[in-house]
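> one predicted model, sequence on top.
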Amino acid sequence: MADTEQLAGPGRPDYRAARFLTSASKLSQCPPDAGWEVAFAGRSNAGKSSAINSLTGNSKLAKTSRTPGRTQLINFFELSASQRLVDLPGYGFAKVPLSVKRAWTRQVENYLAQRRSLRGLVLLMDVRHPLQPFDQQLLAWALEASMPVHILLTKADKLARGPAGNTLLKVRAQLQTWGELVSVQLFSALKHAGREELVAVLDAWLTDPGVLDEDLQE
Ligand code: GDP
């Protein structure tokens, strides 16, 4: 990465230029931990693949409907030489053996705790079933580590405007103690609704110059 990028931050990414970079089943297989990264997490079937595909305008980028219990991988998509989107494995399959659940938890916990290039977490929840127990656990991990979280209430087209708006307000109210560390919006991949709001958040995270390396401050 160029020193000028470290000082000023990189330019705004082009989400439509996203391309698959690599998959990892553990932290040591992830690409070098440098630059800017945003991760997407959510229960299986929350609409994560559809949201990534809608964001990038590429209907084939993130595969939909993964098989439950299959070895689950962290997928990395490159936006530029220093900016990446990360698709974390979905969680919450009722029939997955405990050992698989434990392995998932360890993998994601390690990634969230140790990944220095991670600038924010996008948490996807079906607007009809927000804040399930594991969503709350993931939120707690991230927020307690001061990691910003942006929540997408997905499949917003499944509810009428009134009930969708009420859910938005309710989820916001439940998280208000976290202040600016957490934000919430409605999203529909089907209707292409909410993309601009999501892009504004991602742009801010992926271009934030952040804390300068000590050696650059001298
Ligand atoms: P993932 O398991 O979280 O990656 O979820 P998928 O993106 O595969 O979506 C799960 C199911 O929900 C699929 O049948 C999608 O077609 C559907 N889905 C995803 N997003 C939307 C949406 O915005 N509106 C509606 N109505 N259905 C959606």
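Noted; the coordinates are in hand. Residues are numbered from 1 along each chain as shown.
> every contact and neighbour count from this point should use C-alpha atoms.
Fine.
> hey, which strand is longest across this protein?
Secondary structure of the chain read by DSSP state E shows that its longest strand is strand 118-126.
> work out the gap between that one and the centre of the chain.
For strand 118-126, the separation from the chain centroid amounts to 3 Å (computed by Cα atoms, centre = their mean, to the nearest Å).
> before we move on, what about stretch 40-59?
Relative to its parent chain, stretch 40-59 has a centroid offset of 9 Å by Cα atoms, centre = their mean.
> and that stretch, end to end?
One end of stretch 40-59 to the other measures 17 Å (Cα to Cα, to the nearest Å).
> now look at it and say if it contacts the ligand.
Yes. Under the criterion of Cα under 6 Å from any ligand atom, the ligand is reached by stretch 40-59 at 44-50.
> export the residues you listed as JSON lines, with columns for pLDDT, secondary structure and neighbour count.
As requested, these are exported to JSON lines (pLDDT from 0 to 100; DSSP: H, G, I helix; E, B strand; the rest coil; neighbours: other Cα atoms under 10 Å):
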{"residue": "S44", "pLDDT": "88", "secondary structure": "coil", "neighbour count": "20"}
{"residue": "N45", "pLDDT": "91", "secondary structure": "coil", "neighbour count": "18"}
{"residue": "A46", "pLDDT": "95", "secondary structure": "coil", "neighbour count": "24"}
{"residue": "G47", "pLDDT": "95", "secondary structure": "coil", "neighbour count": "25"}
{"residue": "K48", "pLDDT": "95", "secondary structure": "helix", "neighbour count": "30"}
{"residue": "S49", "pLDDT": "93", "secondary structure": "helix", "neighbour count": "24"}
{"residue": "S50", "pLDDT": "95", "secondary structure": "helix", "neighbour count": "24"}
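> having no further points to raise, I will conclude here.
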